[in-house]
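Q: Build the 3D model from these lines:
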Amino acid sequence: MKRFYYIILCLTALVLASCEGGYIAIKSSVAQLTAFTFAKNDSMPGLAAAKFSVQELLDTGLVTTGRDSIAYGTSLERVVPRFVFAATPSAAFLTLPDTTCILTGYDTLDFTKQPMYLTIRSQDGVNTKVYEIVPTVHQMDPDLYEWTMLTPSVYPADESEQQVVELGDDFVLLRNNGYSLRVYGSEDGIEWIDLGVPAGLPVNAMVRQIICDGTTLYYGEGTTLYTSTDAQTWTAKTVDYPVVTMLLYWNTRVWALVDNNGYELAYCQNDGLALSGLRPEGLFPVSDFAAVGFLSSSQRQRAMIVGGFAEDGQPLNTSWNLEYTPHPLPYGSYRLEEFSADRPSFRSMTGASLVWYNNQLMLFGGIDPDRQYIGSDIMVSTDEGITWKVADTLKNRLPESYGVRQRQTAIVRDNNIYLFGGQDKTACYSDVYRGRLNSIDWEKKD
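A: Residues are numbered from 1 along each chain as shown. The predicted structure is shown next:
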């Protein structure tokens, strides 16, 4: 056995030893790129974080960026590339349409010139591999909201009051023109079907107070609660407390304001109404308010109820916060607080619509106490309803064709904002618009 190892060592020494007594370096025959990045550039934040993938194809290779890796507006005219090779090449150079550049590791290049090819020659000069480099700067402004009209009219324009809800996977539009009710359905907001006259719902029903929990629609009037699972056939149930107004769907429940020797919030339960013990201390809206539920940054279920008319017809600048805490507290799991009591910056408005989108509250439309339309500016709150401001009008603005309105319905579905109908000083509308923030789901799709 010792003799065997001695022979192996001698053979190895013979292979490595040169005629002068040195060693022969075995050169790699690998020509392969394993990683590609851009060097940090203070004038272009995020450039160094751009993610590239290196794909090995049959005879060539391809270097590409992710879908949204290089931010909109980034210039690639003077950038420094960084290459990582599987083995140190004997040569590496870039071929551009107008020149060839031998790489030094400190090259400042114009990557807008396409096509661009990287050629790698192995250490032993035997193998060569060519990679096409295709860096893609996103062509859409990530902060821009883009709006599209889906349909100019669901039904012929008239003086109808209208409401749109989500029922299952469909949109359902209910309208009341003062003497009759009608229902329309759509899967996408573009094509609509006339579903006819609903049965069992009062002819004078205030359709803007109809609330849906996704499977059932609710409407309250006096001591009667009406429900429907298809918007066409309604069932009436007597409840213990007169309904003042239906509020919103929030925290898996449909909420209403009832009269229990004074205002109190209640929620629909077992075909009836259950009292919550929450009594607003101050002016509370009974019509034309905006309301939405959302999950707060602290992971609590919250809802905002903004503006509207008080029972005496007074337009309000109130902003009510409804919050659920999963752990029992001295005052119970629910809390109702008027933000506007100590934060009176919110202006009076009625007929507005409210959504939670892109981690902020967004308020559309409405009129002021003088019955003047507030305008096409969108109001936003990035601190969950504490303060409000006008959105960036260069990035977040409704199209000119939309104009100014009140009493539209706003719904968020599949990362899109849908605006349905509404009215201005001279007309009522039954059109549908869809808006979307360009970058709302980029991270999720990458």
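Q: got a list of what the residue nearest to V126 when sequence neighbours are not counted touches?
A: Nearest residue to V126 in three dimensions, chain neighbours excluded: S29, at 5.0 Å (Cβ to Cβ, 6 or more residues apart in numbering). Bear in mind the C-beta positions are built from the backbone N, C-alpha and C, glycine included. Residues counted as contacts of S29 (Cβ atoms under 8 Å, 6 or more residues apart in numbering) are S122, Q123, D124, V126, N127.
Q: Likewise for M362?
A: By Cβ under 8 Å, 6+ apart, the contact list for M362 reads L354, V355, W356, I378, M379, V380, A391, A410, I417.
Q: Can you name the next helix or strand after the helix or strand hosting it?
A: According to DSSP states H and E, M362 maps onto strand 360-364. Tracing the chain C-terminally past strand 360-364 and defining elements by DSSP H and E, one meets strand 379-381 next.
Q: Which residue ranges make up each domain of the chain?
A: Using automatic domain parsing, the domain parsing of the chain gives 27-134, 145-445.
Q: Could you single out the most deeply buried of those?
A: Stretch with highest mean neighbour count among those: domain 145-445 (a mean of 17; mean count of other Cβ atoms under 10 Å).
Q: Mind checking the pLDDT average for that domain?
A: Averaging pLDDT along domain 145-445 yields 92.
Q: how distant is it from the center of its chain?
A: Using Cα atoms, centre = their mean, to the nearest Å, the distance from the centre of domain 145-445 to the centre of the chain it belongs to is 18 Å.
Q: ok so, going back, how about the contacts of M362 in JSON lines, adding distance to I193?
A: JSON lines is the format used below for the contacts of M362 (distance: Cβ to Cβ, whole Å):
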{"residue": "L354", "distance to I193": "28"}
{"residue": "V355", "distance to I193": "25"}
{"residue": "W356", "distance to I193": "29"}
{"residue": "I378", "distance to I193": "31"}
{"residue": "M379", "distance to I193": "34"}
{"residue": "V380", "distance to I193": "35"}
{"residue": "A391", "distance to I193": "34"}
{"residue": "A410", "distance to I193": "22"}
{"residue": "I417", "distance to I193": "23"}
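Q: Looking at the residues you listed, spot the one nearest G185.
A: Nearest to G185 among the contacts of M362: A410, at 18.8 Å, using Cβ to Cβ.
Q: got a list of what the closest one touches?
A: A410 touches S353, L354, V355, M362, F364, I417, Y418, L419, F420, counting by Cβ under 8 Å, 6+ apart.
Q: just checking, the third one touches Y418?
A: Meaning V355. No. V355 is beyond contact range of Y418, at 9.2 Å (criterion: Cβ atoms under 8 Å).
Q: what do those two both touch?
A: A410, I411, V412.
Q: Could you point out the member of those residues that lies closest to D110?
A: Closest to D110, out of all of the shared contacts of V355 and Y418 and judged by Cβ to Cβ, is V412, at 42.4 Å.
Q: name the element the closest one belongs to?
A: Assigning secondary structure by DSSP H and E places V412 in strand 409-413.
Q: Pull that strand out as CSV, backbone CA atoms only.
A: C-alpha atoms of strand 409-413 as CSV (Å, rounded to 0.1, in the frame of the first residue of the first chain):
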residue,chain,number,x,y,z
THR,A,409,-70.2,55.1,-5.6
ALA,A,410,-66.6,54.2,-5.0
ILE,A,411,-65.5,50.5,-4.7
VAL,A,412,-62.0,48.9,-4.6
ARG,A,413,-61.7,45.5,-6.3
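Q: Neighbouring strands - and their directions - for that strand?
A: Strand pairing for strand 409-413, determined by DSSP bridges: strand 416-423 (antiparallel).
Q: neighbouring contacts of the partner strand?
A: By Cβ under 8 Å, 6+ apart, strand 416-423 touches 150, 154, 162, 164, 171, 173, 189, 353, 355, 357, 362, 364-365, 398, 402, 405-412, 428-436.
Q: Same question for stretch 288-296.
A: Identification of contacts with stretch 288-296 by Cβ under 8 Å, 6+ apart yields 208, 247-251, 301-309, 316, 323, 350-356, 361, 363, 366, 384, 406-407.
Q: Where strands are concerned, which of the residues you listed count?
A: Judged by DSSP state E, the contacts of stretch 288-296 include 247-250, 301-306, 323, 353-356, 361, 363 as members of strands.
Q: ok, and the closest non-adjacent residue to T128?
A: Counting by Cβ to Cβ, 6+ apart, T128 lies nearest to R121, which is 5.1 Å off, once chain neighbours are set aside.
Q: separation between the one you found and S28?
A: 11 Å (Cβ to Cβ, to the nearest Å).
Q: and if you look at D141?
A: D141 sits 46 Å away from S28, going by Cβ to Cβ.
Q: And D110, by the same measure?
A: In terms of Cβ to Cβ, D110 sits 31 Å off from S28.
Q: for N358, same thing?
A: On the measure of Cβ to Cβ, N358 and S28 end up 51 Å apart.
Q: Repeat that for P115.
A: From P115 to S28 the distance is 28 Å (Cβ to Cβ).
Q: And for S376?
A: Distance from S376 to S28, by Cβ to Cβ: 65 Å.
Q: closest to Y106 among the contacts of S29?
A: Using Cβ to Cβ, those come closest to Y106 at Q123, 21.6 Å.
Q: Now do the contacts for the residue lying closest to that closest one once chain neighbours are set aside.
A: Nearest non-adjacent residue to Q123, counting by Cβ to Cβ, 6+ apart: K27, 4.0 Å away. By Cβ under 8 Å, 6+ apart, the contact set of K27 is S122, Q123, D124.
Q: N359 too?
A: S297, T382 are the contacts of N359 under Cβ under 8 Å, 6+ apart.
Q: What of the one 4 residues further on?
A: The neighbours of L363, taking Cβ under 8 Å, 6+ apart as the test, are A290, V306, A352, S353, L354, I378, M379, V380, S381, W388.
Q: Against V306, how distant is it?
A: 7 Å.
Q: next one: L257
A: 15 Å.
Q: circling back to that earlier point, of the contacts of L363, closest to D194?
A: Of the contacts of L363, the one sitting nearest to D194 (Cβ to Cβ) turns out to be S353, at 24.3 Å.
Q: ok, the closest one touching G365?
A: Yes. Here S353 reaches G365: they are 6.0 Å apart, a contact under Cβ under 8 Å.
Q: Report the set of residues contacting both of those two.
A: What both S353 and G365 touch, as defined by Cβ under 8 Å, 6+ apart, is the set Q408.
Q: wait, what's in contact with the residue lying closest to G385 once chain neighbours are set aside?
A: Leaving aside its chain neighbours, G385 sits nearest to M304 (4.7 Å; criterion: Cβ to Cβ, 6+ apart). Listed by Cβ under 8 Å, 6+ apart, the contact partners of M304 are A290, A291, V292, F294, S319, W320, N321, L322, L354, L361, E384, G385.
Q: Could you dump those residues into a markdown table and include distance to R279?
A: Shown next, in a markdown table, are the contacts of M304 (distance: Cβ to Cβ, whole Å):
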| residue | distance to R279 |
| --- | --- |
| A290 | 21 |
| A291 | 18 |
| V292 | 22 |
| F294 | 23 |
| S319 | 18 |
| W320 | 12 |
| N321 | 15 |
| L322 | 13 |
| L354 | 23 |
| L361 | 25 |
| E384 | 23 |
| G385 | 20 |
